[in-house]
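Undergrad: Generate a structure from the sequence data that follows.
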Amino acid sequence: MPEPVARAVSVTEVAPNRRRGGDIRVVLSPRTVGSTSGFMGVLTLRPGEFVAEHYHPHSEEFLHVVKGSLTMRLDGGPEAGGSVVSLTAGQGLMVPIGMRHRLENSHDGDAELVFHLSPLAPRPELGHVDTEELPSADEPQLNVGGVR
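TA: Got it, this is the predicted structure:
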């Protein structure tokens, strides 16, 4: 893991990951800046795209919608005893540790959001647990780097 540094990182410097859906780019992470408490990135979802349902056994996830509108299905949605939250630009949402969630763009325009997860999982491969089939399972696993 690199030594922590105060360094600006452009979204264009990191490769997109489409494994779970959409265009996910982890901008600030143990891999890019040596962070030790969490990581931050951006997500773009085109109309009809989604991020497959998953949960984080070690981290809270903070989301802030910058552009467009999104729907977050929590704990399987109403059919499974969970809920649905609609989000528009300027709104944020915190997803608690262990809560299943699926993000969808069922609107006409692109949606963009910033996300932050903290604390880090003990190892990167323990950070996400997928609970539905992935749209692009052949893509490499998202690895923010670092071991605590």
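Undergrad: what about the chain, any weak spots by pLDDT?
TA: 1-2, 137, 139-143, 145-148 (pLDDT under 70).
Undergrad: Mind listing residues that contact stretch 102-111?
TA: By Cβ atoms under 8 Å, 6 or more residues apart in numbering, the surrounding residues in contact with stretch 102-111 are 22, 43-54, 63, 65, 67-73, 77, 132. To be clear about C-beta, it is placed using only N, CA and C from the backbone, and glycine gets the same treatment.
Undergrad: Now with 7 Å, please.
TA: Outside stretch 102-111, the residues that touch it by Cβ atoms under 7 Å, 6 or more residues apart in numbering are 44-53, 65, 67-73.
Undergrad: Just list the residues touching the residue most central in space within the chain, thanks.
TA: Closest residue to the average C-alpha location of the chain: residue 115 at 5.8 Å, with Cα atoms, centre = their mean. Residue 115 makes contact with 40-41, 43, 61-63, according to Cβ under 7 Å, 6+ apart.
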